[in-house]
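**Q** next comes the sequence, and after it the predicted model I'd like to discuss.
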Amino acid sequence: MVDITHKDITLRTATAEATVVLSEMETLEAIQEGRVPKGDVFEMSRAAGLLGIKKTPELLPDCHPIPIEAALIAYEIHGLEIRILVTVKTNYKTGVEVEAMHGASVVALNMYDMLKPLDKGIEIQRIRLLEKRGGKSDILRSKS
């Protein structure tokens with residue numbers, strides 16, 4: 001694990017995205033109409049994502065356990081694509097990029113698990129960091 005004892009505590013934020021692509025419009029309709037047998041896809045996946053964010057240092061050995069002071073999970077629907085946006089914030093010595101990407105990954109995996117009985121063609125695509133602020137450098141990437 002990297003030594004961070006010399007670093008200052010600052011506000012650190014990160015936003016990551018993942019995309020779940022459905023293969024059938026009927027799957028999206030089932031989500032929106034609450035007809036998915038395993039329950040509310042968006043709320044269950046949000047809860048799974050929050051757990052993923054909090055448990056990141058338990059699964060990735062070089063991640064420091066840090067206080068998660070804010071986490072937001074949002075969804076955008078574009079045709080058959082569900083875009084997952086995860087923003088994480090902390091006041092600490094190290095960033096939250098991996099926590100945001102891990103959260104987005106877990107949300108996508110939970111959606112896949114809940115929807116696989118309805119749609120055999122689901123794909124998870126492009127898990128990536130969109131934005132990082134705080135610390136030595138900022139990263140801002142195009143959201144397209």
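**A** The structure has been received and is ready for your questions.
**Q** report the separation between residue 61 and residue 10.
**A** Residue 61 sits 24 Å away from residue 10, taking Cβ to Cβ, to the nearest Å as the criterion. The C-beta positions use only the backbone N, C-alpha and C, and glycine is treated the same way.
**Q** which of these two has more residues huddled nearby?
**A** When residue 61 and residue 10 are compared on other Cβ atoms under 10 Å, the one with more neighbours turns out to be residue 10, at 15 against 7.
**Q** what is that one paired to in the beta sheet?
**A** When bridges are taken as DSSP bridges, the partners of residue 10 come out as residue 92.
**Q** isn't it up against residue 134?
**A** Yes. Using Cβ atoms under 8 Å as the test, residue 10 is close enough to residue 134 to be in contact (5.0 Å).
**Q** please report phi then psi for residue 19.
**A** Backbone torsions of residue 19, given as degrees, to the nearest 10, read phi -120, psi 130.
**Q** assign the residue nearest to it when sequence neighbours are not counted to helix, strand or coil.
**A** By the measure of Cβ to Cβ, 6 or more residues apart in numbering, the closest residue to residue 19 outside its immediate chain neighbours is residue 125, 4.5 Å from it. What DSSP: H, G, I helix; E, B strand; the rest coil gives for residue 125 is strand.
**Q** contacts only, for residue 125.
**A** 18-21 (Cβ atoms under 8 Å, 6 or more residues apart in numbering).
**Q** right, and the helix or strand after whichever strand or helix holds residue 84?
**A** Using DSSP states H and E, residue 84 sits within strand 81-92. Toward the C-terminal end, the helix or strand that comes next after strand 81-92 (DSSP H and E) is helix 97-115.
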